[in-house]
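Peer 1: mind looking at a prediction? Sequence and model below.
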Amino acid sequence: MGYPAEAVRLYAISDLHVATAASRQAVVAMPAHPGDWLILAGDIGETPGHLEWVLSTLGPRFERIVWVPGNHDLWTLPTDPEQARGVERYLRLVELCQRFGVLTPEDPYSVWEAGGTRVVLAPLFLLYDYTFRPDGWTKEQALQHARRAGVFCTDELLLHPDPYPSREAWCWARVATTTERLAAIPDGSATVLISHFPLRHDLVFLPRIPEFSPWCGTGLTEEWHRRFRAVAVVYGHLHVPRTSWRDAVRFEEVSFGYPQERRRRAWTAGPVLRQVLPYP
């Protein structure tokens with residue numbers, strides 16, 4: 001069945017964290033969107049089974065799904081029978097997505113077109129390199145400051161960079177590869193950049209735990225929204241849904257978050273998906 005081009009929409013959500021029963025119930029309650037595309041911007045869960053369940057649940061309800069991994073997706077839990085780590089774990093998740101026909105950062109970029117809008121959808125996997133920290137501070141100073149504030153990222157225990165020597169080395173390799181791919185997009189093509197992590201330090205809005213910023217991105221992507229002609233940038237990770245503008249480019253933080261966070265935001269059973277295009 002065909003759908004009028006002007007009626008087709010591009011939606012996004014991230015940080016479903018379906019290990020919790022309340023989050024799984026919310027996913028089950030999401031209505032079908034025939035003809036529409038859905039971006040899943042990372043942190044779907046902590047196991048491949050979580051991701052598979054979400055894809056099997058939401059896949060039939062949308063025309064296409066686009067996925068990028070979050071840090072939780074890449075965790076290797078002690079209970080994981082396969083103990084796949086780092087790049088190996090990431091590629092297994094990519095393979096799982098591809099079995100469902102889901103677009104990943106390893107697939108050719110796709111064009112989304114509706115109602116006279118035509119954009120290249122660019123799912124990105126970039127990680128972080130601890131450079132989102134105060135000017136003049138070293139990585140160790142930033143991490144010490146976080147520890148003194150009682151802030152600790154579980155990635156330090158469960159997100160392994162194998163075969164890279166560090167998470168930042170893996171990040172730099174991903175940035176280099178992704179830069180080449182984005183630079184190959186034809187001139188004049190508008191893009192939607194899709195990342196789990198914010199692309200700019202000034203987008204890291206964490207009023208409750210500002211010390212968490214070193215685990216939130218890399219300064220190497222600060223100008224990507226201009227360099228690669230973005231009309232919108234989708235990200236999550238922060239669990240603070242909001243719309244921001246930089247250089248006339250719209251940045252959408254699309255986190256769903258944990259049940260207690262949704263209660264603080266007075267979340268109800270209403271719409272949880274963020275409409276990216278057409279801009280409402």
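Peer 2: Received, thanks. Numbers count the residues shown, from 1 in each chain.
Peer 1: switch to C-alpha atoms for all contacts and neighbour counts from now on
Peer 2: Will do.
Peer 1: burial check on Arg118, number of neighbours?
Peer 2: Arg118 has 13 neighbouring residues, counting by other C-alpha atoms under 10 Å.
Peer 1: so Val233 sits in a strand?
Peer 2: Yes - counting by DSSP: H, G, I helix; E, B strand; the rest coil, Val233 falls inside a strand.
Peer 1: could you pull up the contacting residues of it?
Peer 2: 192-195, 225, 249-252 (C-alpha atoms under 8 Å, 6 or more residues apart in numbering).
Peer 1: what subset of those is buried?
Peer 2: 192-195, 225, 250-252 (16 or more other C-alpha atoms under 10 Å).
Peer 1: in strands, which of those residues fall?
Peer 2: 192-194, 250-252 (DSSP state E).
Peer 1: which two of those residues have the greatest separation?
Peer 2: Ile194 and Arg250 (12.1 Å; C-alpha to C-alpha).
Peer 1: that older thread, got a markdown table for the contacts of Val233, with pLDDT and distance to Glu113 too?
Peer 2: As requested, the contacts of Val233 are exported to a markdown table (pLDDT from 0 to 100; distance: C-alpha to C-alpha, whole Å):
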| residue | pLDDT | distance to Glu113 |
| --- | --- | --- |
| Val192 | 98 | 12 |
| Leu193 | 98 | 15 |
| Ile194 | 98 | 16 |
| Ser195 | 98 | 20 |
| His225 | 98 | 20 |
| Val249 | 98 | 19 |
| Arg250 | 98 | 18 |
| Phe251 | 98 | 20 |
| Glu252 | 97 | 19 |
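Peer 1: go through those and name the one nearest Asp80.
Peer 2: Distances from Asp80 to the contacts of Val233, taken by C-alpha to C-alpha, are shortest for Ser195, at 25.5 Å.
Peer 1: can you pull the contacts of that closest one?
Peer 2: 41-42, 68, 123-126, 233-236.
Peer 1: the bottom helix or strand of this structure by mean pLDDT?
Peer 2: The helix or strand of the chain with the poorest confidence is helix 259-264; it has a mean of 81 (mean pLDDT, DSSP states H and E).
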